[in-house]
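Novice: give the three-dimensional model of this entry:
(one chain, ligands or ions: 1)
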Amino acid sequence: MTFPERRLRRLRRTPALRRMVAETRVGVDDLIAPLFVREGISEPQPIESLPGIVQHTRESLRKEVAELAALGIPGVILFGIPARKDPEGSEAWNPDGIVQSALRDLRSDLGNDMVLMGDLCVDEYTDHGHCGVLDANGDVDNDPTLELYARAGVAQADAGADITAPSGMMDGQVAAVRRALDGAGHQAVSILAYAAKYSSALYGPFRDAVDVEIVGGGDRSSYQQDFRNGREALEEVRFDLAEGADMVMVKPALAYLDVIQRTRELTDVPVAAYHVSGEYAMIKAAGANGWIDAERVALEHVTAIKRAGADVILTYLARELAETGALS
Ligand code: PBG
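Specialist: As a prediction, the model looks like this:
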């Protein structure tokens, strides 16, 4: 059998050769840890469908974030579970609401050593579980919702967030939040836009984590994207950039690597990808059954996400990846 002169296996022969020619490396600097903080609990609460992840108390959150900072993780994104929910989700902009209080704690503990982000949505705070206010027909009403997002974004910035991340998929949300931040003197606060966020069954464990159940068994397909569409995601990204997004996100990650790649090609701003709760839960569940090697699959997942073009990866794996030294 004859071979061409260049045999591809030559550079795969030893670990050192493979390390030398590796194209993609995920480092701790690429990772953002999503964290949950719950009002009115005295002990951290485990989340059954997210093994290893908890609903934090304010105190346990401080400890966790200090440890993440020591591991070199550059940032965290906070999700709040309030003690009280209402139709508008008013705890999302209460200056003493759970996320705002936690942001102040962390800013005073860590100064500028950690990038502090707030997820900006109202679904954790509304009693019906939708990402906005409802009109007379029970549909999410776009423009009145923008006013709520503006308030919540300013409340997060007032509390010390470096970045606020609108995730509700209302049209015009980035422009509304940017205008409100600037009007409140927060020109230095950035916006990470959940630009291409799909209506995905992979958010299931997250909804357990934040105690959200959508009224009447409804879903978010009238505002989040349809997973059959790829080009539409680029429309979302272009709009968010035109409205002033500093960074854009694709979510979920693994089933949308094509969208990450196309977003990377479309823009030179940092691209983030969210490896979501269901993606994490699948690794953990199969790993617990001994069906896959969970640690190796975890590294394969985050590396694929970076290879597709993400600069920043939001992942529940952040802590363990940093701890186990699995990163290159
Ligand atoms: C909305 C929000 C969701 C997630 C992040 N922000 C849930 C949703 O859109 O229903 C999901 C994250 C995950 O699954 O890890 N506030």
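
Novice: contacts only, for the closest residue to residue 143 other than its chain neighbours.
Specialist: Counting by CB to CB, 6 or more residues apart in numbering, residue 143 lies nearest to residue 172, which is 7.6 Å off, once chain neighbours are set aside. The C-beta positions use only the backbone N, C-alpha and C, and glycine is treated the same way. Applying CB atoms under 8 Å, 6 or more residues apart in numbering, we find residue 172 in contact with 142, 143, 146, 243.

Novice: for these, which one is nearest residue 278?
Specialist: Residue 278 has its nearest neighbour among these in residue 142, at 26.9 Å by CB to CB.

Novice: list the contacts for residue 158?
Specialist: Going by CB under 8 Å, 6+ apart, the list of residues near residue 158 reads 95, 100, 184, 186.

Novice: inside helices: which ones of those residues?
Specialist: Applying DSSP state H to the contacts of residue 158, the entries found in helices are residue 100.

Novice: as a markdown table, the contacts of residue 158 with neighbour count and distance to residue 239 would be great.
Specialist: Shown next, in a markdown table, are those (neighbours: other CB atoms under 10 Å; distance: CB to CB, whole Å):
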| residue | neighbour count | distance to residue 239 |
| --- | --- | --- |
| 95 | 11 | 30 |
| 100 | 25 | 28 |
| 184 | 16 | 23 |
| 186 | 19 | 22 |
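
Novice: narrow the contacts of residue 158 to those in strands?
Specialist: Among the contacts of residue 158, the subset assigned to strands under DSSP state E is empty.

Novice: wait, which of the contacts of residue 158 is closest to the ligand?
Specialist: residue 100 (15.9 Å; CB to the nearest ligand atom).

Novice: hmm, back to that, just the pLDDT for the residue nearest to residue 143.
Specialist: Here the pLDDT value assigned to residue 172 is 98.

Novice: returning to what we had before: adding pLDDT, write the contacts of residue 158 out as JSON lines.
Specialist: Formatted as JSON lines, those follow (pLDDT from 0 to 100):
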{"residue": "95", "pLDDT": "98"}
{"residue": "100", "pLDDT": "98"}
{"residue": "184", "pLDDT": "98"}
{"residue": "186", "pLDDT": "98"}
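
Novice: show me what from the stretch 151-300 of the chain comes close to the ligand.
Specialist: 167, 203, 206, 220, 276, 277 (CB under 6 Å from any ligand atom).

Novice: repeat that for 5 Å
Specialist: 167, 203, 206, 276, 277 (CB under 5 Å from any ligand atom).

Novice: of the residues you listed, which belong to helices?
Specialist: Using DSSP H, these in helices are 206, 277.

Novice: how about the residues of the stretch 151-300 of the chain next to the ligand, which pair is most distant?
Specialist: 167 and 277 (13.3 Å).

Novice: mutual contacts of these two, please.
Specialist: Joint contacts of residue 167 and residue 277 (CB under 8 Å, 6+ apart) do not exist.

Novice: so how many other residues sit close to the closest residue to residue 173 other than its chain neighbours?
Specialist: Excluding the flanking residues, the one nearest residue 173 by CB to CB, 6+ apart is residue 166, at 4.5 Å. Counted by other CB atoms under 10 Å, the residues lying close to residue 166 total 31.

Novice: name all residues that make contact with residue 16.
Specialist: Contacts of residue 16 (CB under 8 Å, 6+ apart): none.

Novice: how much space separates it from residue 22?
Specialist: 11 Å (CB to CB, to the nearest Å).

Novice: buried stuff in the helix or strand where residue 66 lies?
Specialist: Using DSSP states H and E, residue 66 maps to helix 58-71. For helix 58-71, the neighbour count (16 or more other CB atoms under 10 Å) marks 58, 60, 61, 62, 64, 65, 68, 69, 71 as buried.

Novice: in the helix or strand just after that helix, what counts as buried?
Specialist: Using DSSP H and E, the helix or strand that follows helix 58-71 in sequence is strand 75-81. Under the neighbour-count criterion of 16+ other CB under 10 Å, strand 75-81 has 75, 76, 77, 78, 79, 80, 81 buried.

Novice: same check, this time on stretch 49-56
Specialist: Buried-residue list, stretch 49-56, by 16+ other CB under 10 Å: 49, 50, 51, 53, 54, 55, 56.
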